[in-house]
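In: Need a 3D model of the following:
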Amino acid sequence: MNFNEELRDRVRNAEEVVIRNGVMEEVGYQKTVFAAMNYSLLSGGKRLRPVMMKEAAVLFGEEHPSLGAFMAALEMIHTYSLVHDDLPAMDNDEYRRGKKTTHVVYGEDMAILTGDALLNMAYEVAASSLSLCAGDPVLLDRAVRALQVLTRKAGIFGMVGGQVYDVEAEDKELKLTEDSVLFIFRLKTGALIQAALMTGAILGGASEDEVSIMEQVGEAVGIAFQIQDDILDVTGNPKILGKPVGSDARNHKTTYVTIKGLETAAKDVEAFSEDAIEQLHKLDNRNEFLEELIKFLINRDR
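Out: Model prediction:
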């Protein structure tokens with residue numbers, strides 16, 4: 001298997017799915033927000049979460065009719081979170097993936113509305129796909145359970161919850177510990193990776209125990225991914241990353257690296273990566289590409 005070629009093919013497929021389900025016609029009185037949604041959604045994302053979702057479904061062997069809608073919905077949720085994350089009230093970033101951020105191009109007010117619109121459209125796309133399963137109770141049950149997971153992992157018990165504590169800790173200048181930083185990582189970053197793997201597994205026909213294993217895989221991957229993100233903010237190349245480095249230090253933000261140091265942080269990335277693969281190997285089925293994708297995601301340089 002040539003991983004890079006396989007990845008390009010799968011990313012191309014995910015991109016087509018996102019465009020088909022998520023790109024809006026820029027017409028009407030609200031055409032500005034449609035344009036801002038399209039700008040944000042098509043700004044060069046790597047589409048790794050929807051790819052992971054599809055590979056999780058493939059791992060358990062079935063192509064569910066709602067899979068494409070859920071892939072697009074997850075990418076819209078991820079995109080909305082970035083639009084809001086870049087706002088002046090949050091990280092105040094002017095570039096994302098080498099392009100000006102949504103609030104720089106369309107204004108802060110429109111960026112807030114764009115994030116709101118993407119989140120709502122994500123749920124509309126996913127929920128609308130349930131009609132594709134109307135004639136099959138088994139497929140419909142899987143889609144409903146997948147929707148429950150997706151919405152929970154995106155909300156206060158998932159990504160939003162992690163972001164809440166992250167913002168509060170910074171605003172109140174709380175002294176973060178390793179445990180509190182890992183809590184933020186599990187929710188803020190890990191939850192959407194869990195959503196990708198769990199919803200894909202559910203749609204693919206996984207058992208409850210298998211879905212639970214995928215949740216643990218997603219947690220380990222999410223933590224390793226965010227630690228690597230902290231490392232790249234110190235050591236990364238801005239031209240490769242597509243955004244400035246050193247923002248955490250400039251904002252006096254406590255990160256995993258500031259708590260444990262670069263060397264230990266790098267070792268912990270490896271440890272969480274190994275844990276994720278060990279969890280995957282508890283399953284009867286194997287997906288070699290998914291394993292390589294997880295390693296790639298964790299050990300990336302951008």
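
In: Got the phi and psi for residue 127?
Out: Phi and psi for residue 127, reported as degrees, to the nearest 10, are phi -70, psi -40.

In: Can you tell me the element the closest residue to it other than its chain neighbours falls in?
Out: Excluding its sequence neighbours, the residue lying closest to residue 127 (C-beta to C-beta, 6 or more residues apart in numbering) is residue 147, at 6.5 Å. No exception for glycine: its C-beta is placed from N, CA and C like everyone else's. Using DSSP states H and E, residue 147 falls within helix 137-154.

In: send the alpha carbons of that helix over as PDB?
Out: The C-alpha trace of helix 137-154 is given here as PDB (Å, rounded to 0.1, in the frame of the first residue of the first chain):
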ATOM      1  CA  PRO A 137     -35.300  -0.300  10.700                       C
ATOM      2  CA  VAL A 138     -31.700  -1.500  11.300                       C
ATOM      3  CA  LEU A 139     -30.100   1.200   9.200                       C
ATOM      4  CA  LEU A 140     -32.400   3.800  10.600                       C
ATOM      5  CA  ASP A 141     -31.500   2.800  14.200                       C
ATOM      6  CA  ARG A 142     -27.800   3.100  13.300                       C
ATOM      7  CA  ALA A 143     -28.300   6.500  11.900                       C
ATOM      8  CA  VAL A 144     -30.200   7.700  14.900                       C
ATOM      9  CA  ARG A 145     -27.500   6.400  17.300                       C
ATOM     10  CA  ALA A 146     -24.800   8.000  15.100                       C
ATOM     11  CA  LEU A 147     -26.600  11.300  15.300                       C
ATOM     12  CA  GLN A 148     -26.800  11.100  19.100                       C
ATOM     13  CA  VAL A 149     -23.100  10.600  19.300                       C
ATOM     14  CA  LEU A 150     -22.300  13.300  16.800                       C
ATOM     15  CA  THR A 151     -24.400  15.900  18.600                       C
ATOM     16  CA  ARG A 152     -23.100  15.000  22.100                       C
ATOM     17  CA  LYS A 153     -19.400  15.000  21.100                       C
ATOM     18  CA  ALA A 154     -19.800  18.400  19.500                       C
END
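
In: How about that helix, which residues are buried there?
Out: 139-140, 142-143, 145-147, 149-151, 153-154 (16 or more other C-beta atoms under 10 Å).

In: what separates that helix from the chain centre, distance-wise?
Out: Remark: helix 137-154 is offset 17 Å from the chain centroid, using C-alpha atoms, centre = their mean, to the nearest Å.

In: which residues touch the helix or strand following it?
Out: Counting by DSSP H and E, the element after helix 137-154 in chain order, helix or strand, is helix 159-171. By C-beta atoms under 8 Å, 6 or more residues apart in numbering, the list of residues contacting helix 159-171 from outside reads 77, 81, 85, 90, 153-156, 174, 176, 180, 183-192, 251, 253-254.

In: The stretch 201-302 of the chain: strands as residue ranges?
Out: Counting by DSSP state E, counting those that start in this stretch, the stretch 201-302 of the chain has no strands at all.

In: which helices and strands does the helix holding residue 147 pack with?
Out: helix 67-85, helix 108-128, helix 190-204 (3 or more C-beta pairs under 8 Å, 6 or more residues apart in numbering; DSSP states H and E).

In: 6 Å instead?
Out: Taking 3 or more C-beta pairs under 6 Å, 6 or more residues apart in numbering; DSSP states H and E as contact, the helices and strands that helix 137-154 lies on are helix 190-204.

In: starting at the chain centroid, how far to the helix it packs on?
Out: 10 Å.

In: CA atoms only: put that helix into CSV for me.
Out: Extracted in CSV, the C-alpha atoms of helix 190-204 (Å, rounded to 0.1, in the frame of the first residue of the first chain):
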residue,chain,number,x,y,z
GLY,A,190,-10.5,14.4,21.1
ALA,A,191,-14.3,14.6,21.0
LEU,A,192,-14.6,15.3,17.3
ILE,A,193,-12.0,12.6,16.5
GLN,A,194,-14.1,10.2,18.7
ALA,A,195,-17.2,11.4,16.8
ALA,A,196,-15.5,10.5,13.5
LEU,A,197,-14.5,7.0,14.7
MET,A,198,-17.7,6.2,16.7
THR,A,199,-20.2,7.4,14.1
GLY,A,200,-18.4,5.6,11.4
ALA,A,201,-18.3,2.4,13.5
ILE,A,202,-22.0,2.7,14.3
LEU,A,203,-23.0,3.3,10.7
GLY,A,204,-20.8,0.3,9.7
